[in-house]
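[1] requesting a structural model of the entry that follows:
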Amino acid sequence: MYTLLNFRFLKSNKSLFILFLLSFLSCKEKRVKKYIKPNILFVLVDDLGYHDLGVTGSHFYETPNIDQLAKESTMFTRGYAASRVCSPSRASIFTGKFTARHGITDWIGAKTGKDWRSRKRFDKLLPADYVRALPKEDITLAEAFKNSGYKTFFAGKWHLGDKGSYPENHGFDINKGGFHRGGPAGGFFSPWKNPKLKSKHKGENLSIRLAEETAQFINQQKDSSFFAFLSFYAVHAPIQTSEKKWNKYRNKADSLGIAKTGYKMERVLPIRQVQDNPIYAGLVETMDDAVGIVLNALKENDLDKNTIVIFTSDNGGVASGDNYSTSNLPLRGGKGYQWEGGIREPFFIKIPWLNSKIKTSDFPVIHTDFYPTLLDIANIPLKPKQHIDGISLKPILEGKQIETNRPLYWHYPHYGNQGGSPSSMIQQNGWKLIHYWEDNYQELYKLPSEEQDDQNVADKYPYKAKELKLQLLSWLEEVNAKYPKKDLEYDAGKATKRLFQMTNQKMKSLEKNRLDILSRDFKPNENWWKSKLTVD
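    Numbers count the residues shown, from 1 in each chain. Predicted structure coming up:
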């Protein structure tokens with residue numbers, strides 16, 4: 001630091017004073033430029049439904065940290081996942097491509113072809129094959145930022161390939177917890193079974209640990225630009241929580257009034273109609289607690305004004321199958337389903353220096369848009385040949401209009417574990433067409449007025465249905481999509497018997513289980529999933 005004597009000496013020597021001033025301004029400019037280069041925090045939740053947050057309409061789950069983030073963000077009310085299940089959506093986020101184009105069309109590990117018969121589902125079709133790892137030839141979103149001088153960090157669920165296709169093989173400098181598994185091996189409380197993330201103490205919570213790892217990375221990188229991707233295993237099954245949180249939400253469900261029935265029958269499986277599961281509610285709240293830890297790390301390091309924050313989910317909430325965890329109403333369906341409940345997601349983008357421009361947008365957006373949007377905002381050259389199915393949302397975030405009638409495409413030539421059917425979809429100009437591969441049947445919906453997907457207007461607008469069908473099938477051929485095949489051993493009698501079991505026996509067991517979980521003397525096991533030691 002210069003003393004008053006130093007300054008007077010420099011001032012008396014004109015040339016030295018000018019050199020000092022230029023040097024000072026140059027250093028200041030470098031610091032400003034360094035600060036202007038934005039950081040990225042991408043938060044991806046697993047299986048979180050559109051209405052699983054307070055800010056998006058839930059009266060049961062409590063998510064104060066995410067609600068506050070949403071208020072500071074631009075909320076896209078028509079934000080879509082690229083798929084109804086996890087791996088395809090994640091691949092689309094990282095590649096900027098629709099699922100039929102990159103080839104990962106089902107969750108990695110799902111059975112295909114004749115192997116599907118081992119599931120005892122008795123379906124008409126044999127699911128198509130799919131790519132089993134993130135293609136190496138793609139330049140991932142992480143690689144794009146790493147190549148631009150960013151330090152890259154990943155924490156949590158990967159599920160985009162086995163060894164050789166882990167986060168560190170696709171652009172991430174650091175990987176905490178990402179490997180081939182799609183769920184939290186060993187559960188959400190330690191000791192879990194994750195070769196990329198050893199637990200520290202008995203009863204440690206996985207969501208909190210992932211947040212702490214991310215916060216530690218932020219603390220270490222506060223003087224350099226970073227791309228941090230926090231990918232929660234929550235709120236995927238197995239749904240688990242602490243006794244404290246279960247008790248809080250059990251009492252809340254009681255105070256709100258417990259419905260006599262919680263399910264109705266969808267086409268092949270029961271589907272949940274109410275949000276009143278105290279275990280799932282606790283799991284959601286813990287995930288929100290974890291988000292708070294990371295957001296607080298940004299503030300403590302004075303980085304919140306220079307960090308872009310993304311928040312979204314990979315597919316709809318689990319209303320059928322798995323743990324029948326939540327309800328997505330008024331949206332129809334959920335994870336694995338072809339309707340809005342399976343693909344509509346929380347979709348928040350916080351850009352501190354832009355979000356005052358627009359708070360909400362009903363412009364239809366999709367996971368593939370994150371890639372070009374983040375590059376554009378960070379002033380990194382776009383890669384149109386890579387993120388071919390995405391567009392930059394920067395104009396919207398700046399309060400401008402985007403003039404486009406682009407179509408959105410989904411391709412799922414598989415049966416969902418949750419009850420969905422092999423189908424492909426196109427959405428354009430407020431219309432959505434679903435093409436079913438079992439019988440070439442079409443459903444046509446006019447959005448957003450028919451968000452519940454319960455008013456099929458294909459017969460009323462046959463020309464529009466035909467137009468969209470031809471456009472969809474033409475695009476699928478263009479990208480060399482794979483299709484399911486007829487199962488020549490299909491037995492309609494066995495399929496009918498299974499449907500009867502679901503409608504009667506399964507429905508009764510689900511209703512009993514729901515009330516058991518809400519009873520005052522409910523206790524899943526002696527130590528509540530080893531969570532007695534968890535601080536919450």
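[2] buried stuff in stretch 56-74?
    56, 58, 60-63, 65-66, 69-70, 72-74 (16 or more other CB atoms under 10 Å). Where C-beta positions appear, they are placed from N, C-alpha and C, glycine not excepted.
[3] what comes into contact with it?
    50-55, 249, 252-253, 256, 275-276, 281, 284-285, 288-289, 291-292, 295, 309, 311, 346, 348-352, 354-355, 357-361, 396-397 (CB atoms under 8 Å, 6 or more residues apart in numbering).
[4] picking that back up, list just the nearest of the buried residues of stretch 56-74 to Lys111.
    Lys111 lies nearest to Tyr61 out of these, by CB to CB, at 32.7 Å.
[5] which residue, other than its chain neighbours, is closest to Leu499?
    Nearest in space to Leu499, with sequence neighbours left out and distances taken as CB to CB, 6 or more residues apart in numbering, is Val268 at 6.2 Å.
[6] quickly find the element holding that neighbour.
    Using DSSP states H and E, Val268 sits in no helix or strand.
[7] next one: Gly282
    helix 278-300.
[8] so Leu295 is in contact with Asp304, correct?
    Yes. The criterion here is CB atoms under 8 Å, and Leu295 meets it with Asp304 at 7.4 Å.
[9] so which of those two has more stuff around it?
    Leu295 (23 against 18; other CB atoms under 10 Å).
[10] what is the least confident helix or strand in the protein?
    helix 4-12 (a mean of 45; mean pLDDT, DSSP states H and E).
[11] and the strands in the stretch 101-250 of the chain?
    Taking DSSP state E, counting those that start in this stretch, the strands of the stretch 101-250 of the chain run over residues 125-126, 151-156, 174-176, 226-231.
[12] JSON lines for these, including mean neighbour count, distance to Asp389 and mean pLDDT?
    What follows is the strands of the stretch 101-250 of the chain, written out as JSON lines (neighbours: other CB atoms under 10 Å; distance: least, CB to CB, whole Å; pLDDT from 0 to 100):
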{"stretch": "strand 125-126", "mean neighbour count": "22", "distance to Asp389": "26", "mean pLDDT": "96"}
{"stretch": "strand 151-156", "mean neighbour count": "26", "distance to Asp389": "23", "mean pLDDT": "98"}
{"stretch": "strand 174-176", "mean neighbour count": "20", "distance to Asp389": "26", "mean pLDDT": "98"}
{"stretch": "strand 226-231", "mean neighbour count": "26", "distance to Asp389": "20", "mean pLDDT": "98"}
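[13] who wins for proximity to Gln501 among those strands?
    Nearest to Gln501, of the strands of the stretch 101-250 of the chain and by CB to CB, is strand 125-126 at 20.8 Å.
[14] neighbouring strands for that closest one, and are they parallel or not?
    strand 485-486 (antiparallel) (DSSP bridges).
[15] so for the helix or strand following the strand it pairs with, what gets flagged as buried?
    Using DSSP H and E, the helix or strand that follows strand 485-486 in sequence is helix 492-501. Buried residues in helix 492-501, counted by 16+ other CB under 10 Å: Arg498.
[16] what residues sit buried inside the next helix or strand after helix 492-501?
    Sequence-wise, the next helix or strand beyond helix 492-501 is helix 507-517, with elements assigned using DSSP H and E. Buried positions in helix 507-517, judged by neighbour count with 16+ other CB under 10 Å: 507, 510, 514, 517.
[17] again with stretch 397-411
    Quick answer for stretch 397-411 (16+ other CB under 10 Å): 397, 407-411.
[18] returning to that earlier point: which one of the strands of the stretch 101-250 of the chain lies closest to Gly342?
    Closest among the strands of the stretch 101-250 of the chain, using CB to CB: strand 125-126, at 18.6 Å.
[19] outside of that closest one, which residues touch it?
    112-114, 116-117, 415, 422, 437-438, 484-487.
[20] can we see that at 6 Å?
    113, 116, 422, 438, 484-485, 487 (CB atoms under 6 Å, 6 or more residues apart in numbering).
[21] which residues of the stretch 301-450 of the chain fall in helices?
    340-343, 370-377, 394-397 (DSSP state H, counting those that start in this stretch).
[22] tell me which of those helices sits most buried.
    helix 340-343 (a mean of 30; mean count of other CB atoms under 10 Å).
[23] burial count for the closest residue to Gly178 other than its chain neighbours?
    Excluding its sequence neighbours, the residue lying closest to Gly178 (CB to CB, 6+ apart) is Trp158, at 3.4 Å. A count of neighbours around Trp158, defined by other CB under 10 Å, yields 28.
[24] measure Trp158 to Pro167 for me?
    6 Å (CB to CB, to the nearest Å).
[25] shared neighbours of these two, which are they?
    With CB under 6 Å, 6+ apart as the test, Trp158 and Pro167 both reach Gly178.
[26] what lies in contact with the helix holding Gly282?
    By CB under 6 Å, 6+ apart, helix 278-300 touches 61-63, 65-66, 207-208, 211, 214-215, 218, 232, 234-235, 239, 241, 245-246, 249-250, 304, 307, 325-326.
[27] can you say which of those are buried?
    By 16+ other CB under 10 Å, those give 61-63, 65-66, 207-208, 211, 214-215, 218, 232, 234-235, 239, 241, 245-246, 249-250, 304, 307, 325-326 as buried.
[28] can you list which of these are found in helices?
    65-66, 207-208, 211, 214-215, 218, 245-246, 249-250 (DSSP state H).
[29] for those, which two are the farthest from each other?
    Going by CB to CB, the pair spanning these furthest: Ile218 and Arg250, at 35.3 Å.
[30] closest to Asp453 out of the strands of the stretch 101-250 of the chain?
    Per CB to CB, nearest to Asp453 of these: strand 125-126, 21.6 Å.
[31] how far away from the center of its chain is that closest one?
    28 Å (CA atoms, centre = their mean, to the nearest Å).
[32] ramachandran angles for Ile40?
    The phi and psi values for Ile40, taken as degrees, to the nearest 10, are phi -130, psi 130.
[33] any idea what it is bridged to?
    In this structure, Ile40 bridges to Phe227, Ile308 when assessed by DSSP bridges.
[34] that one reaches Phe227, doesn't it?
    Yes. With contact defined as CB atoms under 6 Å, Ile40 and Phe227 form a contacting pair (4.5 Å).
[35] local confidence estimate at Lys120?
    Per-residue pLDDT puts Lys120 at 86.
[36] could you find the closest non-adjacent residue to it?
    Lys120 sits nearest to Arg498 (CB to CB, 6+ apart), 7.7 Å away.
[37] do the same with Pro270
    Nearest non-adjacent residue to Pro270 (CB to CB, 6+ apart): Tyr263, at 4.4 Å.
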